[in-house]
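**Q** my questions concern the predicted model and sequence given below.
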Amino acid sequence: MTAQIIDGKAFAADVRAKVATQVARLKEEHGITPGLAVVLVGEDPASQVYVRSKGKQTVEVGMNSYEHRLDADTSEADLLALIDQLNTDPAVHGILVQLPLPGHLNEDLVINAIDPAKDVDGFHISNVGLLGTGQKSMVPCTPLSCLMMLRAHHGSLSGLDAVVIGRSNIVGKPMAQLLLGDSCTVTIAHSRTKNLPDVVRRADIVVAAVGRPEMVPGDWIKEGATVIDVGINRIEKPEGGTRLVGDVDFASASLRAGAITPVPGGVGPMTIACLLANTLTACCRANGLAEPEGLTA
Ligand SMILES: Nc1nc2c(c(=O)[nH]1)N[C@@H](CN(C=O)c1ccc(C(=O)N[C@@H](CCC(=O)O)C(=O)O)cc1)CN2
């Protein structure tokens, strides 16, 4: 079998088009323009690229973008003061603090200072608790991206065996909650899991989110399974230079999987599209309007 490639770029373009349509409707019918504030502390090169891309795509779908770039040595007090200001700004419906933060800043403290209703990353402890108990929340963008692609590919996920490899707070755990919410039988695997290859071989859906280049070989994949690769790892090429690879060995896995996301061009582009979708959702909720269909969990 040669797997169908799940094209994250095409999915993301579709999500952005839906968001843009809804944003235009909000402006026309209610005179409201959703606004997203992105805060970057320091000069991490990858974070700078992501933040630039977020700002550009925010404007492209018709929303207002507010970018706050702070020095790497910004104090926690100054960062918290900015978040406080954004929390009370009625033009700002979504707030995102780009991660990772410089080492002297407490990430949990900073994230939990964001108004949960504006927490478009879905990382605030209130949103984590709401998602964990199956209530309406803001859903982290990467797991939401994976869920959207899985739903589009399978229709119903009910009763499928899913394994999530990785137990991070921002991908693995919320991903497992979302799959459970769609009635999958879910296993969370991690570095201490016994017989990981056998656990993965039972799964109809494999979500790999460990951050280890090409850790999952093709012979762990059940024939016809759907493979969602969240990993984005930069590795050295033998001939010099670098290239991006996922957590799954794409070449061998695509010979067994029914469908697979590539890296690059899979989950990554969808992450920013889902951030725009979450900002729209936050704006609709803040204004007591119906939530956009097909753009939430
Ligand atoms: N506050 C947050 N910080 C971070 C998040 C997040 O969701 N919220 N996620 C990542 C970075 N990230 C978005 O912020 C992100 C990562 C990767 C991509 C992407 O499109 N990747 C491309 C490849 C890009 C390349 O060539 O380097 C792909 O996979 O095709 C988008 C967004 C950490 N921080």
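**A** Good, I have the coordinates. Numbers count the residues shown, from 1 in each chain.
**Q** ok, Leu150 - contacts?
**A** Shown here is Leu150, whose contacts under the criterion Cβ atoms under 8 Å, 6 or more residues apart in numbering are Leu157, Asp182, Ile205, Thr226, Ile228. The C-beta positions use only the backbone N, C-alpha and C, and glycine is treated the same way.
**Q** could you pull out the buried residues of stretch 10-20?
**A** For stretch 10-20, a neighbour-count test (16 or more other Cβ atoms under 10 Å) marks Phe11, Ala12, Asp14, Val15, Arg16, Lys18, Val19, Ala20 as buried.
**Q** next: stretch 29-38.
**A** Ile32, Pro34, Gly35, Leu36, Ala37, Val38.
**Q** now it: mean pLDDT?
**A** Average pLDDT, stretch 29-38: 98.
**Q** check stretch 278-295 too.
**A** Mean predicted confidence for stretch 278-295 is 96.
**Q** what about that stretch, start to end distance?
**A** 8 Å (Cα to Cα, to the nearest Å).
**Q** quick check: which element contains the closest residue to the ligand within the stretch 51-200 of the chain?
**A** Per Cβ to the nearest ligand atom, Leu99 is where the stretch 51-200 of the chain lies closest to the ligand, at 3.6 Å. Counting by DSSP states H and E, Leu99 is held by no secondary-structure element, helix or strand.
**Q** what's the answer for Ala176, then?
**A** Per DSSP H and E: helix 172-181 holds Ala176.
**Q** show me which of the buried residues of stretch 10-20 is closest to the ligand.
**A** Among the buried residues of stretch 10-20, and counting by Cβ to the nearest ligand atom, the member closest to the ligand is Ala12, at 8.3 Å.
**Q** who are the contact partners of the closest one?
**A** Pro269, Met270, Ile272, Ala273.
**Q** can I get these in TSV with secondary structure?
**A** TSV is the format used below for the contacts of Ala12 (DSSP: H, G, I helix; E, B strand; the rest coil):
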residue	secondary structure
Pro269	helix
Met270	helix
Ile272	helix
Ala273	helix
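**Q** near the ligand, which residues of the chain are found?
**A** Neighbours of the ligand within the chain, by Cβ under 6 Å from any ligand atom: 50, 96-99, 121, 141-142, 232, 244, 263-265, 268-269, 271-272.
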